[in-house]
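Enquirer: Next input, structure requested:
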Amino acid sequence: MSHLLHQPHVSRPPKPRRRLSLLPVGLIGAALALTSCNGNSFDDYIGQGGDAEGACIRSDISFKHSLCSVSQEQLTNSDSGVSLKLFWKAGDASTEAAAVESQSKTETLYKFDTLLKSLPERTELQFAANAGMYNNDFAPIGYTVIQGEEIRSLNLKEGGGNFHLLPNGVLWWDKAGKVQITESRAMDKLLASGEAKPWYATQSGPMLVIDGKIHPKFDPNSTSLKFRNGVGVCSDGQIKFVNSDQPVSFYQFGSLFKDELGCPNALFLDGGIASALYAPTIEQADDKSMGVMVGVVETKD
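Expert: Now for the predicted structure:
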C-alpha cells in the first residue's frame, strides 16, 4: 500500500543509491557505544566505546546497512539534552509548540534540509529518518501524535499493501521519553484504558519482530527485495534505526533486528525510494520528499 500511496515518488526516476563512506577514525569509538549487539557482533570494528549520542555506522553484517542508535537511558534523563522527536510541520521543530505561530504549523517540512533550517538555536540534529507511510499529500496514513497532539487516529482497517500486512504496530514514547513498540490492536486497548499516554507516536507496518518472533507472514525464501528502513526497541537499552543499503526481503530485514541487534520488537517504517536517512557521522543526507520524520536532537546550553 505504501507504494500506491507514494505516487509523488513513483513518478520520478530513483536517485543513485547512497555511496558508502568510512566513519572518521575519531568517531569509531563513539559509534561502538551506541551500536553494540548481542553476541558481540560488532567486535569487528576498531576502537573502544565512547559517550557520544546519535552516532551512526555502516555495517555489512547480514547485509549492507546503516545503523543509528540512541540509548533509552539518555532519552529519559532530563539533564542529557538528548531527545527523540517526530517532525511533520514547521512548528514541530520548536521546543515549545505553543510559542510557534499557527501559520508556520501549516507548512509541511518535506525534506531534511528544511527540518535543519527550522530547528531552534543551540539544537543539533544527530540523525533523522522517514518515520512511516504517507499519502499523496505527504500526510501520515497511520496513528500519529506530535507533542501530545493527535494528528491521525489509530488505523485498524484491513486492506492491501505493507501497512496492512497484519500485525502492524506503533512506535511511541511518553513525555518522560520511554520508547516502546506496540502491536496496533494492543495499542488500541492501552489507549482506551488510559495506560498509554503518547507524547509522540507513529504507526506503520508490518511489525518486523513481535515479542522476539519474526512476523508470521514473512517468507524466508521470498524474492521480493527492496531497500527498507525500520526501528527496533532492543534488549541492550538501545533504540536502533536501520536503513538497508541494498535490497533485502522482509524476512532478512526482520532477522537482522531479531538475531543481530537483539530487538524483541521491531517495526517496518517504509521502503523503496521512500526510505531516507540523515546521518552526518557517515556523511549521508538523502534529498527526498517525505511525510513525518523521526530524529534524535541534542539541545546544548
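
Enquirer: Surely residue 187 is in a strand?
Expert: No. Using DSSP: H, G, I helix; E, B strand; the rest coil, the secondary structure at residue 187 is helix, not a strand.

Enquirer: For the residue nearest to it when sequence neighbours are not counted, give its distance to residue 137.
Expert: Take residue 187 and drop its neighbours on the chain: the residue closest to it by CB to CB, 6 or more residues apart in numbering is residue 170, 4.7 Å away. Yep, even glycine has a C-beta here, placed from its N, CA and C like the rest. Applying CB to CB, to the nearest Å, the value for residue 170 to residue 137 is 21 Å.

Enquirer: okay, those two: which has more neighbours?
Expert: residue 170 (30 against 9; other CB atoms under 10 Å).

Enquirer: Now the more buried one: which helix or strand?
Expert: Assigned by DSSP states H and E, residue 170 belongs to strand 169-173.

Enquirer: Could you export that strand as CSV, CA atoms only?
Expert: Taking Å, rounded to 0.1, in the frame of the first residue of the first chain, the C-alpha atoms of strand 169-173 are listed here in CSV:
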residue,chain,number,x,y,z
GLY,A,169,2.4,-1.5,15.1
VAL,A,170,3.1,1.8,16.7
LEU,A,171,6.4,3.3,17.7
TRP,A,172,5.6,5.6,20.6
TRP,A,173,7.1,7.3,23.7
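
Enquirer: thought residue 291 was touching residue 146?
Expert: No. Applying CB atoms under 8 Å as the test, residue 291 and residue 146 come out as separate, 11.7 Å apart.

Enquirer: any residues in contact with both of those two?
Expert: Common neighbours of residue 291 and residue 146 (criterion: CB atoms under 8 Å, 6 or more residues apart in numbering): residue 88.

Enquirer: if you count what's nearby, which of these two comes out ahead?
Expert: residue 291 (26 against 23).

Enquirer: Now do the phi/psi pair for the more buried one.
Expert: phi -90, psi -120 (degrees, to the nearest 10).

Enquirer: Is the residue lying closest to it once chain neighbours are set aside bridged to anything, and to what?
Expert: In space, and not counting its chain neighbours, residue 291 is closest to residue 134: 3.1 Å by CB to CB, 6+ apart. Under the criterion DSSP bridges, residue 134 forms beta bridges with residue 140.

Enquirer: isn't there a helix covering residue 115?
Expert: Yes. Applying three-state DSSP, one finds residue 115 inside a helix.

Enquirer: If anything else comes up later, I'll come back, but that's it for now.
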